[in-house]
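Asker: okay, here's the prediction I keep looking at, along with the sequence it came from:
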Amino acid sequence: MNHKYIALTIGPIIDSLLTARKTRELWAASYTFSYLMREITEVLEKEGTIILPSTDKIGDKNKHGAGLYPDRIILQTEKSLDDIKHIVKETIAAFITKVTKHIEKKAYPKNEEKIKMPNSFINKGIENYFLQFFKLYAVEKTFNLAKDKDKNIIFKMYSLLDTLELQDRIMPTEAIVDENRNSPYFQSSPKRIFWNKVNRSFLFTDGFVEKKRFDSLPEIATRELRNIDETHYDRIVGEEIEQYQGGDETAKKEDQAESKFVAEIKKQFAEKFKARHKYVAIVHADGDNVSKIIGTVGKLSENLNGDTNKGILKFSKVLLDYARESTEKIVDFGGAPVYMGGDDMLFFAPLTDNKSDKLKTILDLAKDLDDLFVNYFTPYIDEIKTKNKHLQKEGKKEIPIPSMSYGIAITYYKYPLYEARNQSFGLMEHVKNNVKEKNAINVTLLKHSGQNLSFLLKKKQGEVYRLANELINKKIDDSDFLNSFTYKLSTFQTILANIAHDKNRLEHFFKNYFNENYEQNQAFFKKLADLILEMSKESKKTNQKELEQEYFELLYGILRFIHFVRADDKDF
């Protein structure tokens, strides 16, 4: 018996994200493709069985703007490839019509009038541009149940799509909207105009229930201050941000408005305004070794008759449910999700959240997402662990356990967005390609002064990871001492290396050398001693007699991070 599958994707996604200069542009570029894939999925449901992505609750309203739908669809169908491509192209064309109408009407109120786009732009042929811009890639493959029952549908179909995409990397020529340098549309293509003016568009109202626009970087950076005084915070947002974002103003005026917003927020909240409130985190997260799960659930024999309780259908629903709840976690922290495609995430977030008694940091958010991951994927993880017990007995290589890795770039709110996004992605890719067991959090803080601090937390080192988080969250009587303390500590590296294995000696060392700060910060120093002791144990696992250099770098990175998230604005 034969089973035919069609896989398809649209692009160019990555190239589109690279051009974003504002948060709303990055969101719009990403959500454009997620929206289209959802629309296509809904239409193709009538043509066969969608096995990826999940169609569960596909009609539910998205209230946080997170793009939940991945860039690939796998469909089991009797329809021809040409028929499916025709249906998909019609769906894309309908989307383009909506985009064109929004651009031409440009329905943004200003003095109770509609702003009109210049005729020179309309005459460029917006629809033709987008028809060239969106690329559809589709392949088909027929599997025979008798011969191919153990073949992996996802791996095979994805491989065929990858080959097809590599054959066509030509981007459409960027149409120039207006040659007038004073025009807000100077040297912009139709897609960039749409993404820049996305607020209040059909795309935006599809993504959000209550919001009218996507938050700017300084709004995200200062989010926790709104928890202190919502009324005054919202007043300043209205006066300084809302009138400029997505309107007919130039980028320069919008940047000036954001700077004034930060100045007014600082004046309003006085000593509660900290150095961290001028910085924002851009986070890329991706699942590690999730292909090991796909290797089992993707077999043809596991995906017959549309059984939603097994195979890819069950797994794709788990991915979607995890993405939805992760979105809630990020928003509750004060973040702004961009793309939440199951185990693949991109979002903005403030450095800290003050809604609870304990100050939570971006690292706590990563841990919350990790805990959710384990909760949703436990059945698959347990199955791998069971297999590993047998492999261990047989002396064979064990299957890596699925986990999550993160690239967190923390940058000044004026730092170029595209560079910050690239930095975040690069940090995540470093973990994926250079950390043996992956499952890590790679953090870089790029200060406005040009200095930076970095550290890599390997979650596989459970106790080191746990104690590092506890140290970061530990209450400190006076954070000012941390800067000089960290500097002094670096001069005692040889001593620390020799006493790292002895907690009593570590505590005596801190008490004797830092006695002026020790008494009021005893809990902090004790936790620091615990962390160094655990680092020493990890060093011994690799037959090192002394504390390895990587642990000193991690220690200094953590201490500098602790100082930064607590520092007053005057210190930076």
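Answerer: Received it, and whenever you're ready, just let me know what you need. Residues are numbered from 1 along each chain as shown.
Asker: Ile220 falls within a helix, correct?
Answerer: Yes: membership of Ile220 in a helix is supported by DSSP: H, G, I helix; E, B strand; the rest coil.
Asker: start the count at 59, not 1, going forward
Answerer: Sure thing, new numbering starts at 59, so read that last one as Ile278.
Asker: now the stretch 359-508 of the chain, which segments are flagged as low pLDDT?
Answerer: For the stretch 359-508 of the chain, the stretches flagged by pLDDT under 70 are 359-367.
Asker: all strands of the stretch 259-408 of the chain, in order?
Answerer: 337-346, 394-399, 402-407 (DSSP state E, counting those that start in this stretch).
Asker: what's in contact with the following helix or strand past the last one?
Answerer: Scanning forward in sequence from strand 402-407 by DSSP states H and E, the next helix or strand is strand 410-411. By C-beta atoms under 8 Å, 6 or more residues apart in numbering, the surrounding residues in contact with strand 410-411 are Arg281, Glu282, Arg334, Phe391, Gly392, Leu417, Lys418, Thr419, Ile420, Asp422, Leu423, Val623. Any C-beta I mention is one placed from the backbone N, CA and C, and that applies to glycine too.
Asker: now do stretch 281-290: distance to the chain's middle.
Answerer: For stretch 281-290, the separation from the chain centroid amounts to 24 Å (computed by C-alpha atoms, centre = their mean, to the nearest Å).
Asker: what about the stretch 509-630 of the chain, any weak spots by pLDDT?
Answerer: Low-confidence segments of the stretch 509-630 of the chain (pLDDT under 70): 600-604, 629-630.
Asker: just say helix, strand or coil for the residue lying closest to Leu110 once chain neighbours are set aside.
Answerer: Excluding the flanking residues, the one nearest Leu110 by C-beta to C-beta, 6 or more residues apart in numbering is Ile132, at 4.4 Å. Here Ile132 is recorded as strand under three-state DSSP.
Asker: distance of Ile132 from Glu592?
Answerer: Separation of Ile132 from Glu592 (C-beta to C-beta, to the nearest Å) stands at 45 Å.
Asker: what's the answer for Glu329, then?
Answerer: According to C-beta to C-beta, Glu329 stands 36 Å off from Glu592.
Asker: comparing the two, which residue is more hemmed in?
Answerer: Glu592 (21 against 8; other C-beta atoms under 10 Å).
Asker: quick check: phi and psi on that one?
Answerer: Backbone torsions of Glu592, given as degrees, to the nearest 10, read phi -70, psi -40.
Asker: Phe568 versus that one, what's the distance?
Answerer: Distance, Glu592 to Phe568, by C-beta to C-beta: 16 Å.
Asker: go on, Lys163?
Answerer: Here Lys163 is placed at a distance of 66 Å from Phe568 (C-beta to C-beta).
Asker: higher neighbour count, those two?
Answerer: When neighbours are counted by other C-beta under 10 Å, Lys163 and Phe568 differ, and Phe568 comes out ahead with 22 against 12.
Asker: pick out the residue nearest the middle of the protein.
Answerer: Residue closest to the average C-alpha location in the chain (C-alpha atoms, centre = their mean): Leu404, at 1.9 Å.
Asker: which stretch of helix or strand covers the residue of the chain most remote from its centre?
Answerer: Distance from the centre of the chain peaks at Asn570, with 43.8 Å (C-alpha atoms, centre = their mean). Taking DSSP H and E as the criterion, Asn570 maps to helix 561-571.
Asker: restrict that helix to CA atoms and write it as CSV.
Answerer: C-alpha atoms of helix 561-571 as CSV (Å, rounded to 0.1, in the frame of the first residue of the first chain):
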residue,chain,number,x,y,z
LYS,A,561,34.5,25.3,52.1
ASN,A,562,35.9,26.3,55.5
ARG,A,563,39.0,27.8,54.0
LEU,A,564,37.0,29.6,51.4
GLU,A,565,34.8,31.2,54.0
HIS,A,566,37.8,32.2,56.1
PHE,A,567,39.4,33.6,53.0
PHE,A,568,36.4,35.8,52.3
LYS,A,569,36.1,36.9,55.9
ASN,A,570,39.7,37.9,56.3
TYR,A,571,40.2,39.6,52.9
